[in-house]
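# Could you look at this predicted model? Sequence included:
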Amino acid sequence: QDFFQGFEPLDILLCRKMGRMTGEAYVLFPGPMLADLALQKNRQNLGRRYVEVFRSKKLDYYAAVASHLAETGGSGSQQGYEGNHAEGGYGQGQQ
């Protein structure tokens, strides 16, 4: 969340596969302008690592949410999902 501070993310989905973090995340922004600005953070550092930021399609985001919920049995934030579904811009970040 701190990486996108000031961008007002509505949702952050930290992706997992077989219970392990993949290093990928989907971030939902309140509108396309903030999503475009967030793309400028591509390859900026988060701690000692850099983050790659990509635009993704809403269908990819929804598929990732569905996959996460199926894998975790529908559980919430303790599994890496901060669910606040809303329409707006979207982006995918990868660490």
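It's in.

# Please count neighbours and contacts with C-alpha atoms only from this point.
Will do.

# In the protein, which helix is the longest?
helix 58-72 (DSSP state H).

# same for it, what does it pack against?
strand 11-17 (3 or more CA pairs under 8 Å, 6 or more residues apart in numbering; DSSP states H and E).

# please redo it, this time with the cut-off set to 7 Å
When contacts are defined as 3 or more CA pairs under 7 Å, 6 or more residues apart in numbering; DSSP states H and E, helix 58-72 packs onto no helix or strand at all.

# How much space separates Thr43 from His68?
Not quite, residue 43 is Arg, not Thr. 26 Å (CA to CA, to the nearest Å).

# if you count what's nearby, which of these two comes out ahead?
His68 (23 against 15; other CA atoms under 10 Å).

# how close does the more buried one sit to Phe54?
20 Å.

# which residue packs closest to Phe7, ignoring adjacent ones?
Leu34 (6.0 Å; CA to CA, 6 or more residues apart in numbering).

# how close does that neighbour get to Asp60?
For Leu34 relative to Asp60 (CA to CA), the value is 19 Å.
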